[in-house]
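Enquirer: Attaching a predicted model along with its sequence, questions to come.
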2 protein chains.
Amino acid sequence: MVKAIIFDVQGTATDFHSTVCEEAQRISAGRHPGVDWAEVVTRWRAGYFTTLKAAPSEHGKWISVSSVYRRSLDTVLDESGITDFSAAERDELTLAWQRLRPWPDTVAGLTRLKRDYTLATLSNADVSAVINISKRAGLPWDAIFAAEMVGAFKPDPAVYHMAATYLGLEPAEIMMVASHKYDIRAAAELGFRTAFVARPLEFGPGGDADVAYEDEFDINAADFLDLADQLGC
Amino acid sequence: MVKAIIFDVQGTATDFHSTVCEEAQRISAGRHPGVDWAEVVTRWRAGYFTTLKAAPSEHGKWISVSSVYRRSLDTVLDESGITDFSAAERDELTLAWQRLRPWPDTVAGLTRLKRDYTLATLSNADVSAVINISKRAGLPWDAIFAAEMVGAFKPDPAVYHMAATYLGLEPAEIMMVASHKYDIRAAAELGFRTAFVARPLEFGPGGDADVAYEDEFDINAADFLDLADQLGC
């Protein structure tokens, strides 16, 4: 019955935490020995979520997610007492979100799933960011769908409806995959099938990722290879 | 300077004429020995163009290209005196536009180009049709862009601007590739780079495809392999 599978990208398909931490440490170049970069990145990501919820658009104009990250970074660095990152270094660090590494199982899992299903992204990141991440990481999507295409962020129903329209499928024919329960719960309410994928390291070692399986989801999986196994691919 | 290449699909990347002719002959199953199917398909395609130009939307609602083909088929079959195609057969024949075969050089050319450039479609066909065609044919796009995503058909400037926005690039960083001069001329007016690819068999053997090279285009190419050669891929 499921013909297409749509995926969250930041966190579910890719490991933003280790990628962005490493990039921050590289740019810091030893200038900030006392800083806990894992904490900085966790607060940066939280700042992004707060901004998306508070102001999806300004005066009717779409705000790029890249600019949300860039502004959120200034706040986080200020709060961390890091004042000597230049504007160019801040721009460079923000670009790390377009170079996210896939989880070790991502490419192999998607490659198996692609044989039987149409695979697409459904991301809140900018379209260009999703393309850049995917090309760099070799993620074999059949299509890129992102919030920017509909002018609203997940979990707004318009984002999920867009994917169904563009796929030419009913929600029940589409499975939404994410490591974030709010995302797949929003899809489930609209009639999509759901798969929860646990990403225990989403916020780094010791981070508080919610990895508890729930009966409400059609599938609970340990990673994309487990998802492929459970779908018989 | 060029970072991304965007491609027309129906005619430029795929051979709709032979694909749809074969499917019509298969469904006809010998019932119409006097019919010139090449002529029928050429008139079907012309009917599609007339409809797109005349009525891109009805009462503000987007019309799927699949429904345009379906309605245009009724007219063409009537005019050809073919009255015994059932509704199911007409639906089936219309689906041929979602199963277009690539030209022999398409996959190999795109595979070479993809190493150095971001590749995307820019098609007037429905998003779902472009996905279906691409998945079946193994066309290795980094992204699918289609008229449906902006609610206007090429050569409307909004369609080309959409591609630039979603790629996060300036028009001068993007090359538009098509076998139809109106398409690349529209892109050129907006500052995009252009490549004309000759498709002498677009309307079948003896069809009147315009294959004349023009100095106004940045590149004139015999096929996608020649395009890759000229771009140094």
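Expert: Yes, it's here.

Enquirer: Tell me the residues of chain A that contact chain B?
Expert: With CB under 8 Å from any CB of the partner chain as the criterion, chain A comes near chain B at residues A:118, A:120, A:126-129, A:131, A:134-135, A:142-144, A:148-149, A:165-169. C-betas here are computed from N, CA, C, even on glycine.

Enquirer: Among those, which lie within strands?
Expert: Using DSSP state E, the members of these that fall in strands are A:118, A:120, A:143-144.

Enquirer: Can you lay out those as TSV showing neighbour count, pLDDT and distance to residue B:221?
Expert: Converted to TSV, these look like this (neighbours: other CB atoms under 10 Å in any protein chain shown; pLDDT from 0 to 100; distance: CB to CB, whole Å):
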residue	neighbour count	pLDDT	distance to residue B:221
A:118	24	98	30
A:120	23	98	30
A:143	26	98	26
A:144	25	98	26
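
Enquirer: of those residues, closest to residue A:44?
Expert: Nearest to residue A:44 among those, counting by CB to CB, is residue A:144 at 24.0 Å.

Enquirer: Residue B:118 versus that closest one, what's the distance?
Expert: As for residue A:144, its distance to residue B:118 is 11 Å (criterion: CB to CB, to the nearest Å).

Enquirer: Give the residues shared as contacts by the two.
Expert: Applying CB atoms under 8 Å, 6 or more residues apart in numbering or on different chains, one finds that residue A:144 and residue B:118 are jointly contacted by A:131, B:142-143.

Enquirer: can you give me the strands in chain A?
Expert: Counting by DSSP E, the strands of chain A are A:4-7, A:14-15, A:57-58, A:61-62, A:101-102, A:118-123, A:143-146, A:174-178, A:193-197, A:219-221.

Enquirer: Mean pLDDT lowest where, among those strands?
Expert: Set side by side, these give their lowest mean pLDDT on strand A:57-58, at a mean of 56.

Enquirer: For beta bridges, what are the partners of residue A:145?
Expert: Residue A:145 forms beta bridges with residue A:122, as assigned by DSSP bridges.

Enquirer: Quick one: residues contacting it.
Expert: A:6, A:120-123, A:162-163, A:166.

Enquirer: now swap in residue A:148 and tell me
Expert: Contact partners of residue A:148, counting by CB under 8 Å, 6+ apart, are A:62, A:64-65, A:126-127, B:166.

Enquirer: Report pLDDT for it.
Expert: 94.

Enquirer: again with residue A:60
Expert: pLDDT, residue A:60: 65.

Enquirer: who's in contact with the nearest residue to residue A:199 once chain neighbours are set aside?
Expert: Nearest residue to residue A:199 in three dimensions, chain neighbours excluded: residue A:179, at 4.0 Å (CB to CB, 6 or more residues apart in numbering or on different chains). Contacts for residue A:179 (CB under 8 Å, 6+ apart) come out as A:8, A:11-12, A:196-199, A:202, A:209.

Enquirer: Check residue A:133 too.
Expert: Residues near residue A:133 by CB under 8 Å, 6+ apart: A:9, A:14, A:98-100, A:125, A:139.

Enquirer: got TSV for the strands of chain A, with distance to residue B:174 too?
Expert: Below are the strands of chain A laid out as TSV (distance: least, CB to CB, whole Å):
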stretch	distance to residue B:174
strand A:4-7	26
strand A:14-15	26
strand A:57-58	26
strand A:61-62	20
strand A:101-102	26
strand A:118-123	21
strand A:143-146	16
strand A:174-178	30
strand A:193-197	35
strand A:219-221	38
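
Enquirer: any idea of the pLDDT on the nearest residue to residue A:205 once chain neighbours are set aside?
Expert: Spatial nearest neighbour of residue A:205, excluding adjacent residues (CB to CB, 6+ apart): residue A:38 at 8.0 Å. With respect to pLDDT, residue A:38 scores 93.

Enquirer: separation between residue A:38 and chain B?
Expert: According to CB to the nearest CB, to the nearest Å, residue A:38 stands 29 Å off from chain B.

Enquirer: what about that residue, neighbour count?
Expert: Residue A:38 has 18 neighbouring residues, counting by other CB atoms under 10 Å in any protein chain shown.

Enquirer: Repeat that for the one 4 residues further on.
Expert: Burial of residue A:42, expressed as a neighbour count using other CB under 10 Å, amounts to 20.

Enquirer: and the residue nearest to it when sequence neighbours are not counted, what does it touch?
Expert: Of all residues not flanking residue A:42 in the chain, residue A:203 sits nearest, at 5.4 Å (CB to CB, 6+ apart). By CB under 8 Å, 6+ apart, residue A:203 lies in contact with A:17, A:38, A:42, A:45, A:209.

Enquirer: Output those residues in CSV, with distance to residue B:80 appended to each entry.
Expert: Shown next, in CSV, are those (distance: CB to CB, whole Å):
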residue, distance to residue B:80
A:17, 62
A:38, 69
A:42, 66
A:45, 61
A:209, 62
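
Enquirer: Nearest spatial neighbour of residue A:91, chain-adjacent residues omitted?
Expert: Counting by CB to CB, 6+ apart, the nearest residue to residue A:91 once its immediate chain neighbours are dropped is residue A:70, at 7.0 Å.

Enquirer: Can you tell me how far that neighbour is from residue A:31?
Expert: Separation of residue A:70 from residue A:31 (CB to CB): 20 Å.

Enquirer: okay, and the helix or strand of chain A with the least pLDDT?
Expert: In chain A, the helix or strand scored least confidently by mean pLDDT, DSSP states H and E is strand A:57-58, which has a mean of 56.

Enquirer: Residue A:230 against residue A:221, yeah?
Expert: Yes. If you go by CB atoms under 8 Å, residue A:230 and residue A:221 touch, sitting 6.1 Å apart.

Enquirer: who's more crowded, these two?
Expert: Neighbour totals were compared for residue A:230 and residue A:221, and residue A:221 leads with 22 against 14 (other CB under 10 Å).

Enquirer: could you list every residue that touches the residue lying farthest from the centre of chain A?
Expert: Residue farthest from the centre of chain A, counting by CA atoms, centre = their mean, is residue A:31 at 29.6 Å. With contact set as CB under 8 Å, 6+ apart, residue A:31 has these partners: residue A:84.

Enquirer: For the top helix by length along chain A, buried residues please.
Expert: Ordering each helix of chain A by length in residues (DSSP state H) puts helix A:37-54 first. Neighbour-count burial for helix A:37-54, counted by 16 or more other CB atoms under 10 Å in any protein chain shown, picks out A:37-38, A:40-45, A:47-48, A:51-52.

Enquirer: quick one: the helices in chain A?
Expert: Using DSSP H, helices in chain A cover A:16-28, A:37-54, A:65-79, A:87-94, A:106-114, A:127-137, A:157-167, A:181-189, A:224-230.
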